[in-house]
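Novice: how does the following fold in three dimensions:
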Amino acid sequence: MSINRLREQLKNLRMPGAGVKLDLRLSEARCNSLEHGDFLELLLQDELLHRAGNKIRIRPEGGRLPQPQAAG
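Specialist: This next block holds a predicted model:
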């Protein structure tokens with residue numbers, strides 16, 4: 001398995017949250033003898049948390065109302 005290839009595939013799938021945590025999750029899988037399904041579940045949870053964080057950060061920007069113009 002090539003980590004760079006896996007990272008590139010995650011990038012192509014537009015899953016940056018999983019890509020960021022890939023090294024950590026691979027290390028955990030080796031140390032804890034995780035099964036494939038458990039590893040994949042953790043990696044997908046990382047991606048979902050990343051996306052949820054982005055929505056919270058971006059949402060206020062999209063909800064801003066235009067400021068009234070000063071009379072003058």
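
Novice: and the helix ranked longest in the chain, what does it pack onto?
Specialist: Of all segments of type helix in the chain, defined using DSSP state H, the longest is helix 36-62. Judged by 3 or more Cβ pairs under 8 Å, 6 or more residues apart in numbering; DSSP states H and E, the packing partners of helix 36-62 are helix 16-32. Yep, even glycine has a C-beta here, placed from its N, CA and C like the rest.

Novice: residues of the helix it packs on that come out buried?
Specialist: Across helix 16-32, burial judged by 16 or more other Cβ atoms under 10 Å covers Gly17, Ala18, Gly19, Lys21, Leu22, Arg25, Leu26, Ala29.

Novice: how far away is the closest residue in space to Arg51 that isn't next to it in sequence from Ala70?
Specialist: Closest residue to Arg51 apart from its sequence neighbours, by Cβ to Cβ, 6 or more residues apart in numbering: Gly17 at 6.4 Å. For Gly17, the distance to Ala70 equals 42 Å [Cβ to Cβ, to the nearest Å].
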